[in-house]
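*Asks:* structure, please.
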Amino acid sequence: MPEKHNDFEIIQERDIAVRMRDGVHLSVDVYRPSAAGKYPVLFATSLHNKDNQGPDISDVLPPQPAYAPLWFGPLEAGDTRRFVANGYVHVIAQPRGSGKSEGQYGDEEWDHYDTIEWISQQPWSDGNVGMVGISGFAGQQWRAALQHPPALKAIFPYDACSAYGGPFGFRDFYPGGVLHTFPYLLDVFSVVHEPRGIPGKLPPQQEEYWKAAMANPDYKVYVNLYNILTQKGQRTALMYEALTEPWARDDDVANAEKAFRDLSIPFYTGSGAYAYTYKLHWLGAQHWFQNVKTQPRKLLFAPPAHVERPFHIYHDEIIRWYDHWLKGEDTGILDEPPVKYWVMGANEWRTGQDWPLPETQWTKYFLSTWERLTTQEPAPLSKTNAVASQPDVFAQMPLTQTMKIERLRYMTDPLPNDVLVAGPISLTLYASIDETDTNWIVVLKDVGPDVSVRTAREGERFVPDNLPERELTRGWLKASYRALDEERSKPWEPFYKLTRDSIEAVEPGEIVKYEIQILATANEFKAGHRICLDITSMDSPTGTGAMSHVEYIPYHVGISKSVTHKVYRDAEHPSHLLLPIIPKPSKETVGR
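*Replies:* Model (predicted):
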């Protein structure tokens, strides 16, 4: 029935049963202007409960900042009132096998095509459809575009999901093969149909994987995760699958590269600096943007504070995008550079022509003695007559014994000038361990300002331990997952194989070369600040009962043994950070 609000009325139709080609009915909500006429449609669909997305929720729960106690991640379908006020119909669907929709989850091969066809034929639709919504709603936009429904003219998958292996594919969700608990922490919102009974026998291959997972001591120490395993896949499916099959499927890369070639729709994707904590949104956005060559395509790299919930920000950009593609208006959006990114430190927007930025100067910062980080390459022993340097060492006890995170910290001297780092990053690390596996966790930070002078005088020997520091991004690599796909690897982005047959235990004591992917960032290190790299191997839940305070900052499944790590940093083992340095524009460029 119509609802009057701010001088316009919204007609709301809830729980419409829309028939798919195989007879399954999906549950759909429609919000449209009450004025007679046909309108373009913005379509949203996700596993997140559609009953949480409508204007009745946002009326009583206005957008909450990321630090607010009532910030709830799944409120992501967009601002219905804003869309309707701008002359759009907002349609929110529930995928099969979830909420009020019929069927089995995972069998939705043509559901997006059929739903968009249904939308285009309704009396209130002008036949032009775009898609909205972030995160889980973004992941479904790629799927819909690859089904090529004629009415779908463009998509806006912000906080994009994985580009490899489906929306929650292993490669972008667990870079470097280190499992984390984001699916577990998010499961409280799940409306996927999961009938449970006494756990039964699984197909032979899956039964083998399940038995191996049940015997894994790294899982047993997390009783919350082990509890999921005992149910043999009857609950928290995403977490269960990661625990029992913690690798990428053999055909993930080939299927993704086929999709990259097949995608032909205009898209505007992106994510924010906050998304490095759960990886798939920022990695997915980059990988779709870098690999799909259709034009136009646009990328937005947003600030570090997580997007508010209910989702309402960037709607100016969304409406400009769809006013162009669905209404035929000249909004100027295609006249702007394809890449727009927020620079932390400088706290301003900048633009670029591609990602990584074409003007990038890839610069090596070498791990050096006394935990320093320097652009000076270590000299070979043959030219110095020196003895081989001793490795830097840290030992990490497991989470069963300590919450203390041991680390090695490498820092530059205070910078003489501002340094802009924007783009993907990698760490080449030569190291040995005394066990067969570990998790490498590396953290890039901005430390300072630091006006101290290090001398031998009392009180001046140490870098002050009370300097401000900002964590910018992280990288992860499970040592046994180190095998590279050399053909697809780039110096700034190692591309791991991650398949089951590529996993190989480490020989204790052997010096191994690790290429560690660090998720992209954009930060201006101001003069007087230090570039800082922490090398660790563990993190910890922030609460008890293996719970964390924030769903999108998950902890990782740690190693259940004490591990001693030795890091080598001489000319024969030149461990180094590869940073994307962006030069300052010349005066001629600035003046144009």
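*Asks:* show me where the protein has helices.
*Replies:* 55-60, 80-85, 111-120, 136-146, 170-173, 182-186, 204-214, 217-220, 223-230, 237-244, 252-262, 280-291, 315-325, 587-590 (DSSP state H).
*Asks:* CA-only coordinates of the fourth one in CSV, if you can.
*Replies:* As requested, C-alpha coordinates have been extracted for helix 136-146 and formatted as CSV (Å, rounded to 0.1, in the frame of the first residue of the first chain):
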residue,chain,number,x,y,z
GLY,A,136,27.0,-10.0,-0.8
PHE,A,137,24.7,-7.9,-3.1
ALA,A,138,27.8,-6.9,-5.2
GLY,A,139,28.9,-10.5,-5.6
GLN,A,140,25.5,-11.4,-7.2
GLN,A,141,25.8,-8.5,-9.7
TRP,A,142,28.8,-10.2,-11.4
ARG,A,143,26.8,-13.4,-11.6
ALA,A,144,23.8,-11.7,-13.1
ALA,A,145,26.0,-9.9,-15.7
LEU,A,146,27.5,-13.2,-16.8
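*Asks:* got the contact list for it?
*Replies:* 43-48, 74, 76-78, 95, 112-113, 116, 131, 133, 152, 155-163, 166-168, 259, 262-263, 265, 267, 269, 281, 284, 288 (Cβ atoms under 8 Å, 6 or more residues apart in numbering). Any C-beta I mention is one placed from the backbone N, CA and C, and that applies to glycine too.
*Asks:* report the buried members of the residues you listed.
*Replies:* The neighbour count (16 or more other Cβ atoms under 10 Å) marks 43-48, 74, 76-78, 95, 112-113, 116, 131, 133, 152, 155-163, 166-168, 259, 263, 265, 267, 269, 281, 284, 288 as buried among the contacts of helix 136-146.
*Asks:* Q517 contacts P494, doesn't it?
*Replies:* Yes: with contacts counted by Cβ atoms under 8 Å, Q517 reaches P494, the gap being 5.2 Å.
*Asks:* quickly list what's touching both of these two.
*Replies:* Common neighbours of Q517 and P494 (Cβ under 8 Å, 6+ apart) are S426.
*Asks:* in JSON lines, list the helices of the chain along with distance to V393 and mean pLDDT.
*Replies:* Formatted as JSON lines, those follow (distance: least, Cβ to Cβ, whole Å; pLDDT from 0 to 100):
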{"stretch": "helix 55-60", "distance to V393": "52", "mean pLDDT": "93"}
{"stretch": "helix 80-85", "distance to V393": "56", "mean pLDDT": "97"}
{"stretch": "helix 111-120", "distance to V393": "53", "mean pLDDT": "98"}
{"stretch": "helix 136-146", "distance to V393": "42", "mean pLDDT": "96"}
{"stretch": "helix 170-173", "distance to V393": "32", "mean pLDDT": "97"}
{"stretch": "helix 182-186", "distance to V393": "32", "mean pLDDT": "91"}
{"stretch": "helix 204-214", "distance to V393": "32", "mean pLDDT": "97"}
{"stretch": "helix 217-220", "distance to V393": "23", "mean pLDDT": "96"}
{"stretch": "helix 223-230", "distance to V393": "30", "mean pLDDT": "96"}
{"stretch": "helix 237-244", "distance to V393": "31", "mean pLDDT": "96"}
{"stretch": "helix 252-262", "distance to V393": "37", "mean pLDDT": "97"}
{"stretch": "helix 280-291", "distance to V393": "31", "mean pLDDT": "97"}
{"stretch": "helix 315-325", "distance to V393": "49", "mean pLDDT": "98"}
{"stretch": "helix 587-590", "distance to V393": "47", "mean pLDDT": "42"}
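*Asks:* and the ones you listed, which is most packed in?
*Replies:* Among those, helix 170-173 has the highest mean neighbour count (mean count of other Cβ atoms under 10 Å), at a mean of 26.
*Asks:* residues contacting it, please?
*Replies:* Contacts for helix 170-173 (Cβ under 8 Å, 6+ apart): 161-165, 177, 182, 242, 246-249, 252-253, 278-280, 283-284, 287, 496, 498.
*Asks:* circling back: which ones among the contacts of helix 136-146 are found in strands?
*Replies:* Mapping these onto strands (DSSP state E) picks out F43, A44, T45, M131, L152, I155, F267, T269.
*Asks:* run through the stretch 251-400 of the chain and note the low-pLDDT ranges.
*Replies:* Applying pLDDT under 70 to the stretch 251-400 of the chain flags residues 385-387.
*Asks:* go again using 80 as the cut-off
*Replies:* 381-388 (pLDDT under 80).
*Asks:* could I get the full set of strands for it?
*Replies:* For the stretch 251-400 of the chain, applying DSSP state E, counting those that start in this stretch gives strands covering 267-272, 297-302, 339-343, 348-352, 361-368, 372-374, 392-396.
*Asks:* contacts for the third one next, please.
*Replies:* For strand 339-343, the external contacting residues (Cβ under 8 Å, 6+ apart) are 272-273, 298-304, 348-355, 357, 420, 422, 522-524.
*Asks:* go again with 6 Å.
*Replies:* L299, L300, F301, A302, P303, W349, R350, T351, G352, W355, A522, E524 (Cβ atoms under 6 Å, 6 or more residues apart in numbering).
*Asks:* count of residues packed around the fourth one?
*Replies:* Using other Cβ atoms under 10 Å as the criterion, A302 is surrounded by 23 other residues.
*Asks:* find the residue closest to it in space, skipping its chain neighbours.
*Replies:* G272 (3.5 Å; Cβ to Cβ, 6 or more residues apart in numbering).
*Asks:* still on that earlier bit, of the ones in strands among the contacts of helix 136-146, closest to G106?
*Replies:* T45 (14.6 Å; Cβ to Cβ).
*Asks:* I'd say the closest one and Q94 touch.
*Replies:* No: the criterion here is Cβ atoms under 6 Å, and T45 misses it with Q94 at 7.3 Å.
*Asks:* report pLDDT for the nearest residue to H312 once chain neighbours are set aside.
*Replies:* Spatial nearest neighbour of H312, excluding adjacent residues (Cβ to Cβ, 6+ apart): D79 at 4.4 Å. pLDDT, D79: 97.
*Asks:* would you quantify the distance from D79 to V223?
*Replies:* Using Cβ to Cβ, to the nearest Å, we find D79 at a distance of 40 Å from V223.
*Asks:* try T438
*Replies:* For T438 relative to V223 (Cβ to Cβ), the value is 22 Å.
*Asks:* ok, and what's touching stretch 52-60?
*Replies:* Counting by Cβ under 6 Å, 6+ apart, L75, A77, T80, R81, I92, P310 sit against stretch 52-60.
*Asks:* give me that answer again for 7 Å
*Replies:* With Cβ atoms under 7 Å, 6 or more residues apart in numbering as the test, stretch 52-60 has contacts from I10, D29, Y31, P74, L75, A77, D79, T80, R81, I92, P310.
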